[in-house]
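1. What follows is a protein structure lacking sequence information:
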């Protein structure tokens with residue numbers, strides 16, 4: 001028998017933390033505290049069509065953003081990227097669009113994606129966690 005509310009307190013804390021982080025990313029002066037490590041990811045959910053907006057830690061190499069999905073078993077958002085999927089990111093004060101896709105263990109793109117992320121966050125183990133790679137559209 002499941003205990004009522006066992007998942008809700010942690011989920012509520014994460015929602016509050018995410019809302020706070022998104023607010024920081026959109027507040028002049030405060031945004032500089034987070035913008036080198038965190039960006040806003042925004043997309044339409046593949047099945048529900050609902051808008052998903054969340055802060056994610058990223059590493060960037062040119063027009064490539066690499067997002068490690070830590071603790072993937074407790075998250076669902078990354079499953080939208082099993083096939084290429086349009087995204088918007090709010091990155092260092094600017095909105096950018098692009099296409100994200102999932103890079104799994106064994107993919108030929110995995111070593112490069114892991115290198116980019118590991119170069120930015122050397123203390124975070126990439127392991128076998130899913131990686132979402134976002135190819136940003138050219139700036140016009």
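-> Perfect, I can see it now. In this text the structure is predicted, and so the values were computed from the model without any measurement.
2. after the lengthiest strand in the chain, next one along is what?
-> In the chain, ranked by residue count with DSSP state E as the criterion, the top strand is strand 94-103. Note on strand 94-103: by DSSP states H and E, the next helix or strand toward the C-terminus is helix 110-120.
3. Which helix or which strand is home to the residue positioned nearest the centre of the chain?
-> Closest residue to the average C-alpha location of the chain: residue 56 at 3.6 Å, with CA atoms, centre = their mean. Residue 56 is located in strand 51-57, with elements delineated by DSSP H and E.
4. list the helices and strands the next helix or strand after that strand packs on?
-> Along the chain past strand 51-57, the next helix or strand (assigned with DSSP H and E) turns out to be strand 59-61. Judged by 3 or more CB pairs under 8 Å, 6 or more residues apart in numbering; DSSP states H and E, the packing partners of strand 59-61 are strand 64-68, helix 110-120. Every C-beta, even on glycine, is put in place using the N, C-alpha and C of the backbone.
5. I'd like to know which of those is closest to residue 43.
-> Closest approach to residue 43 among those (CB to CB): strand 64-68, 11.9 Å.
6. Wasn't residue 73 part of a helix?
-> Yes: secondary structure assignment places residue 73 in a helix (DSSP: H, G, I helix; E, B strand; the rest coil).
7. Give me the neighbour count for it.
-> 7 (other CB atoms under 10 Å).
8. Can you tell me how far it is from residue 129?
-> 10 Å (CB to CB, to the nearest Å).
9. before we move on, back to that, and the helices and strands packed on strand 59-61: which comes nearest residue 97?
-> Comparing the helices and strands packed on strand 59-61 under CB to CB, the one sitting nearest is strand 64-68, at 11.7 Å.
10. And the closest one, how far out from the chain middle?
-> 7 Å (CA atoms, centre = their mean, to the nearest Å).
11. returning to that earlier point: output the contacting helices and strands for the strand holding residue 56.
-> Strand 51-57 packs on helix 8-25, strand 38-44, strand 64-68, going by 3+ CB pairs under 8 Å, 6+ apart.
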